[in-house]
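In: Next one to model:
(2 chains)
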Number of protein chains: 2
Amino acid sequence: MVIKTIEKLRETLATARRENKTIGFVPTMGFLHEGHLSLIRKANEENDLVVVSIFVNPTQFGPNEDFETYPRNIEQDTTLANEAGADIIFNPSATEIYPIGSSSWVNVEGDITSVLCGASRPTHFQGVTTVVNILFNIVKPHRAYFGQKDAQQAAVLTKMVQDLHIDLELVVCSIVREADGLALSSRNTYLSSEERKQALILNQSLLKANEAYKKGETDTKTLTKLIKDTINTMPLATIDYVSIYSYPALQEIEKIETPAIIAVAVKFGKTRLIDNILLENSK
Amino acid sequence: MVIKTIEKLRETLATARRENKTIGFVPTMGFLHEGHLSLIRKANEENDLVVVSIFVNPTQFGPNEDFETYPRNIEQDTTLANEAGADIIFNPSATEIYPIGSSSWVNVEGDITSVLCGASRPTHFQGVTTVVNILFNIVKPHRAYFGQKDAQQAAVLTKMVQDLHIDLELVVCSIVREADGLALSSRNTYLSSEERKQALILNQSLLKANEAYKKGETDTKTLTKLIKDTINTMPLATIDYVSIYSYPALQEIEKIETPAIIAVAVKFGKTRLIDNILLENSK
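Out: Numbers count the residues shown, from 1 in each chain, chains lettered A, B, ... in the order given. Below is the predicted model:
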């Protein structure tokens, strides 16, 4: 069932709540791939009713980013989401979510939003935290599902839920990859076949660093250089960042001692891809 | 019943919700007076269960304001709130509401928070919107009650609820005054008897302006001057602002055509008092 308005969604969910059904929520920007579908399947396993939102959120795109051209396909998304176990697809308009004159924002301040993607996309996380807060207020789920692919987003939203005492369980699910290792992303559709081939270097460079770490290399400068050198073997790759931080606080570290994340953002032509790997400290 | 922890409050409210009880919520900073009690009584009339929070919220005080000395009396508050119909008094510690490292904020941007008290207290409304958002997430009330005394706060919170699609009814209740017209405020306790006497000029000046308006004066400059001249007859009064804005958007106006508010903030010694009157355009 596709629902377009907040009023209708609230009515439908109120009925489910009266029947004591648990509600699982998967917020997406649509153009669903296997990564999203794995979240929907997990939500379906763990809850009585699954709501999937499909909303290309304008406030999380910067002025020169790809909001207008971001891929959309609501018919295909509906079919895929239903097959994966969605009960309700919430597909609101921008003015349904942001009424005219709307000017309220939710911000998570500190390193957690200013490093990595926050550095290259300064208004991005404000848009994410605001829209997710709004969607949580509308859906009021018992559990909400996000992918580890957007590791910083998962960390920021986990902090938002804790800080603002939002009453739900935030579930972070592991990255889904193609057979050849490319992390799934709606933006992969932008890649030419040559870019697609060279983009495999993201995952490969992370695995290489993980190998070096397992062999005892804990110096973040050395590991960062190893990854950069690996990525730079690909002529179409332009590195945005290669960073190693503590996780989930995202603080700078020189040695890997606590749980850490290696995160990379690399452009291929106009397409910016991200990938990451978590390094556990218990070897 | 006084509850100190979020966990215990959530447990108690979950039981009430399972019994389909409606929850009315009155957030306060304590030192309850007849103004607060009128909100609690109204909440009691309109809901099955009434939660009153008593929390002197540090984030809404500026660095040189009266957070430390703000009057507190939890025993008396408990008695008064219970008599007025409170079922649960929620009295958390600061670290219960703001865990260590907490850095998430809710902001309502624009004129509505930058004029009036927002101009003289630049971080005040961010503290108010954040704590009220947190308290709403904890209590999840059906209705929440605020006084028209803090007119700008009521307007800002109404906008926050609309913008972020918070699922509750925000009820704004009229100002409660002493027999001689002084608007009730926990800060009235700071006034010396001479200051207390001279402070009557706030309400008197507003009534005088309202009279002039009713007789046809709609020029905001003229009305503002009338109020300032009236307040300045009191030697102990130092005006912070006298302002007339559209209501509830709080936009500057030259003529009163739409619903408008006259709001005043005046210092007597170290004590800053506020008062206001709503002017309806249908005469």
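
In: Would you check how far apart the residue nearest to residue A:151 when sequence neighbours are not counted and residue B:171 are?
Out: In this structure, residue A:151 finds its nearest non-sequential neighbour in residue A:276, 4.5 Å apart by C-beta to C-beta, 6 or more residues apart in numbering or on different chains. Quick note: C-beta positions are derived from backbone N, CA and C, even for glycine. Distance from residue A:276 to residue B:171, counting by C-beta to C-beta, to the nearest Å: 46 Å.

In: Looking at those two, which one has more neighbours?
Out: residue A:276 (23 against 17; other C-beta atoms under 10 Å in any protein chain shown).

In: how about the more buried one, secondary structure?
Out: Following DSSP: H, G, I helix; E, B strand; the rest coil, the label given to residue A:276 is strand.

In: can you pull up the bridge partners for the residue nearest to residue A:151?
Out: In this entry, residue A:276 is beta-bridged to residue A:263, by DSSP bridges.

In: wait, what's in contact with residue A:43?
Out: A:24, A:25, A:26, A:50, A:85, A:143, A:145 (C-beta atoms under 8 Å, 6 or more residues apart in numbering or on different chains).

In: Quick check: mean pLDDT of the helix or strand the fourth one falls within?
Out: Under the criterion of DSSP states H and E, residue A:50 resides in strand A:49-54. For strand A:49-54, mean pLDDT is 98.

In: contacts for that strand?
Out: For strand A:49-54, using C-beta under 8 Å, 6+ apart, the contacting residues are A:9, A:13, A:16, A:21-30, A:32, A:36, A:40, A:43-44, A:74, A:77, A:81, A:85-92, A:135, A:139, A:141.

In: Quick check: buried residues in the helix or strand just after it?
Out: Next helix or strand after strand A:49-54 toward the C-terminus (DSSP H and E): helix A:74-84. Under the neighbour-count criterion of 16 or more other C-beta atoms under 10 Å in any protein chain shown, helix A:74-84 has A:77, A:78, A:80, A:81, A:84 buried.

In: and the residues you listed as a markdown table, adding distance to residue B:163 and pLDDT?
Out: A markdown table is the format used below for the buried residues of helix A:74-84 (distance: C-beta to C-beta, whole Å; pLDDT from 0 to 100):
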| residue | distance to residue B:163 | pLDDT |
| --- | --- | --- |
| A:77 | 27 | 98 |
| A:78 | 29 | 98 |
| A:80 | 32 | 98 |
| A:81 | 28 | 98 |
| A:84 | 32 | 98 |
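
In: how about the residues you listed in TSV, adding distance to residue A:68?
Out: Below are the buried residues of helix A:74-84 laid out as TSV (distance: C-beta to C-beta, whole Å):
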residue	distance to residue A:68
A:77	18
A:78	22
A:80	23
A:81	24
A:84	28
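
In: for residue A:25, what are its contacts?
Out: A:43, A:50, A:51, A:52, A:53, A:135, A:136, A:139, A:141, A:143, A:144, A:145.

In: most neighbours, which of those residues?
Out: residue A:52 (31 neighbours).

In: who's that residue bridged to?
Out: For residue A:52, the beta-bridge partners under DSSP bridges are residue A:26, residue A:89.

In: Quick one: classify residue A:197 as helix, strand or coil.
Out: Classified using three-state DSSP, residue A:197 is helix.

In: now residue A:227
Out: Under three-state DSSP, residue A:227 comes out as helix.

In: Report the contact partners of it.
Out: Taking C-beta under 8 Å, 6+ apart, one finds A:205, A:206, A:208, A:209, A:242, A:262, A:264 in contact with residue A:227.

In: Start and end of stretch A:176-196, how far apart?
Out: End-to-end distance for stretch A:176-196, by C-alpha to C-alpha, to the nearest Å: 16 Å.

In: my bad, stretch A:27-42
Out: Across stretch A:27-42, first to last residue, C-alpha to C-alpha, it's 13 Å.

In: Briefly note if it comes near chain B.
Out: No - applying C-beta under 8 Å from any C-beta of the partner chain, one finds stretch A:27-42 separated from chain B by no less than 13.8 Å.

In: What lies in contact with stretch A:187-204?
Out: Under C-beta under 8 Å, 6+ apart, the answer for stretch A:187-204 is A:31, A:33, A:66, A:71, A:177, A:180-183, A:230-231, A:233-237, A:264, A:266, A:268-273, A:275.

In: Enumerate the positions of the helix or strand where residue A:171 lies that are buried.
Out: In the assignment (DSSP H and E), residue A:171 maps to strand A:169-173. Within strand A:169-173, the residues scored as buried using 16+ other C-beta under 10 Å are A:170, A:171, A:172, A:173.

In: Provide the strand pairings for that strand, with the direction of each partner.
Out: Sheet partners assigned to strand A:169-173 using DSSP bridges are listed as strand A:143-147 (parallel).

In: All the strands of chain A, residue numbers only.
Out: A:2-3, A:23-28, A:49-54, A:88-90, A:104-108, A:143-147, A:169-173, A:237-246, A:260-268, A:271-279 (DSSP state E).

In: Please dump those strands into TSV; it should also carry distance to residue B:191 for every row.
Out: Formatted as TSV, the strands of chain A follow (distance: least, C-beta to C-beta, whole Å):
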stretch	distance to residue B:191
strand A:2-3	55
strand A:23-28	51
strand A:49-54	52
strand A:88-90	53
strand A:104-108	35
strand A:143-147	49
strand A:169-173	48
strand A:237-246	52
strand A:260-268	56
strand A:271-279	59
